[in-house]
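Student: would you be able to build a 3D model of this:
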Amino acid sequence: MTHDSSDFMTEPELMCRHENTEHNNAAQHYEVLQELGDCYVAVGKYDDAQKCYEKAASLDADKPGPYVGLGVVALQRNMLDDAEIAFRVACRLEPACAKAFAGLAMVAQQRNDYKQAFDMYLKALDLDVDNLTALLGLFQTSCRMGSFAEIIHYLQLYLDTHPGDISVMFSLAALYIKEGRLQKSRELLRNVLTLDPGYKDAANLLEEVEHSLAQKQQIGIEMI
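Tutor: Residues are numbered from 1 along each chain as shown. Now for the predicted structure:
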C-alpha cells in the first residue's frame, strides 16, 4: 500500500503547502493576464486589454506591469490624465521602471511639453538603454528641440549591442548630418546599404552626403 507524502504532514504543513500552491497559481494567472493584455494592445483591442490589466492588478497590486499597460491603453485613447496617473502609479511601485518613465514621456510629448518629454525619455534610457520606445521618442523630441548630442550618444550605445539594426543606423546617420559629421554619416550609410542594398532612403541620403562632401572638397581645392 502506497502513501502520499501529505498523509504524514501536520496540519500547519498542509496549510503551508496549500498556500504555496495557491500563490504559484495566482502568479501564473497574473503572468498570463499580463501577456494577454499586451497581445490585445498589439492588435488594438483596448477594451479587452484593459480588462486583463485590471484583473492582473487585482492579483498583484505591487507590480508595475498592469499599470504600465493601463497607461498605454489610456494613451491610445488620448486620455492623457488617466495615462499619467497610471504611469505614475507604476513609477511609485518600481522607481526603476523604464517603461513607466517612457510612458510619462509620451504623455508629455502629446501635450507638446518637449522639455519634460526629453527629460523623461533620458530617464527611461538611463534605466534601459535598449528601450526602443524611448529611443524613438528622444529622437523625435531632439528634432523638435534642435538638440542632438544626447540622442546621438544613446543611439551609439544601442548600436554597440545591436549592430545590425539598420533603422537605428539610418537615424544616427541623419543626425550626424545635422551635426556636420558627414564622413561618419557616409560610413554608416554605406554599412546600412551593405546590410540592405534595397534601402532607397539610405541610398538617397548617401547620394546627398557624397554630393556635400564633393562640394566641400572642391571648395578646399579652390582655396589652395
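Student: every contact and neighbour count from this point should use C-alpha atoms.
Tutor: Noted.
Student: what about the helices in this protein?
Tutor: Secondary structure of the chain (DSSP state H): helices located at 11-42, 46-59, 65-76, 80-93, 98-110, 114-127, 132-145, 149-161, 166-178, 182-195, 200-223.
Student: and stretch 154-170, what's buried?
Tutor: If you call a residue buried by 16 or more other C-alpha atoms under 10 Å, then stretch 154-170 has these buried ones: 154-156, 158-159, 166, 168-170.
Student: lowest confidence element among the helices and strands of this protein?
Tutor: For the chain, counting by mean pLDDT, DSSP states H and E, helix 11-42 ranks last in confidence among helices and strands (a mean of 71).
Student: low pLDDT regions in the protein?
Tutor: The chain contains residues with pLDDT under 70 at 1-24, 26, 220-224.
Student: swap the cut-off to 80 and go again
Tutor: Regions of the chain meeting the criterion pLDDT under 80 cover residues 1-26, 217-224.
Student: out of the buried residues of stretch 154-170, which comes closest to Gln34?
Tutor: Nearest to Gln34 among those is Tyr158, at 26.9 Å by C-alpha to C-alpha.
Student: was I right to think that closest one contacts Val129?
Tutor: Yes - at 6.3 Å, Tyr158 counts as touching Val129 under the criterion of C-alpha atoms under 8 Å.
Student: name the residues contacting each of these two.
Tutor: With contacts defined as C-alpha atoms under 8 Å, 6 or more residues apart in numbering, no residue is adjacent to both Tyr158 and Val129.
Student: buried ones in stretch 109-124?
Tutor: 109, 114-124.
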